[in-house]
Every structure is written in structure tokens, then in C-alpha cells.
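Trainee: Here's a sequence, model it:
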Amino acid sequence: MQGRYAKMALGVARNTPMYIWRVELGLESIEYTCRKRAIKYWEDILAMKEGRWPKACLMEEMRCIINNRPTKWGCKVIERLEEMEAVEVCRWIWEGGKEEVVIMKLKEDLDNWWKQKLEKEW
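Mentor: The predicted model follows:
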């Protein structure tokens with residue numbers, strides 16, 4: 001949907017490759033933006049005090065992932081982390097790793113994933 005409107009705004013043909021109009025407009029994909037926002041949300045959760053429900057739920061889900069009993073949401077988290085090659089983050093979170101290190105790792109892996117995805121488009 002985003003591409004359709006971008007192509008109309010640029011006045012280019014419908015079959016113009018995605019990488020051309022994305023570079024021209026300086027747009028990120030919706031998938032990249034969603035992942036970036038999810039990482040920001042995890043950052044907010046990890047900064048919360050111990051007794052808060054969002055943090056307790058995230059920690060419980062990380063425990064379930066480590067024990068190979070993830071929920072449906074946990075399965076999706078694993079898929080996304082595998083795509084970004086950042087599965088070890090689950091263990092880091094559960095073991096109480098430093099929030100800054102976890103978030104830095106997620107952001108680095110997200111950027112690497114995005115660069116690889118762009119290279120495939122070219």
C-alpha cells in the first residue's frame with residue numbers, strides 16, 4: 001500500500017522496483033519501522049521497576065522461550081529474532097542482562113538485517 005501511494009506521488013510506473021522509489025523518497029519499509037518501534041517498547045519495558053506487569057509478562061515469555069514452550073506471541077518473537085540473528089537476546093533478558101547491552105544488540109542486529117534486506121533488493 002505504501003508503495004502504491006509513493007509511486008503515484010512520484011508519478012512513476014506501477015512496475016517501478018521498490019528500491020528505486022524507496023531510495024528516492026528516503027523511506028523505510030513498514031516492516032523496519034514496526035520492528036524499530038517494538039525494540040523501543042522493549043526498551044521502555046526493561047527500564048520499568050521489577051513489580052510492573054509488562055516487565056513481568058516479558059520476563060515470563062522469555063523464560064517460556066528458553067524452555068522451548070513459547071506462546072503464540074513468543075513463536076513470532078523467535079521468528080523475528082532469528083531473521084535478525086539475535087535469538088540470544090531472550091536469554092540475556094531472562095538472566096537480567098544490562099538493559100543497554102540488550103537494546104544495543106537488538107538495534108545493531110536490526111540495522112544489519114535491514115542492510116541485508118536492501119542488498120537483496122538491489
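
Trainee: residue contacts, residue 113?
Mentor: Residue 113 makes contact with 83-85 under the criterion Cβ atoms under 8 Å, 6 or more residues apart in numbering. The C-beta positions use only the backbone N, C-alpha and C, and glycine is treated the same way.

Trainee: Buried residues, stretch 29-39. List them.
Mentor: The neighbour-count check on stretch 29-39 (16 or more other Cβ atoms under 10 Å) flags 29, 32, 35-36, 39 as buried.

Trainee: now do stretch 61-71
Mentor: Buried residues in stretch 61-71, defined by neighbour count with 16+ other Cβ under 10 Å: 61-62, 64-65, 70.

Trainee: Could you give the separation of that stretch from the chain centroid?
Mentor: How far stretch 61-71 lies from its chain's middle: 18 Å, per Cα atoms, centre = their mean, to the nearest Å.

Trainee: Averaged pLDDT, it. What do you get?
Mentor: For stretch 61-71, mean pLDDT rounds to 94.

Trainee: First-to-last residue distance for that stretch?
Mentor: 7 Å (Cα to Cα, to the nearest Å).

Trainee: Which helix or strand lies directly C-terminal to the helix-or-strand element of the chain with minimal mean pLDDT?
Mentor: Ranked by mean pLDDT, DSSP states H and E, the weakest helix or strand in the chain is helix 18-25, scoring a mean of 73. Where DSSP states H and E defines the elements, the next helix or strand beyond helix 18-25 is helix 30-46.
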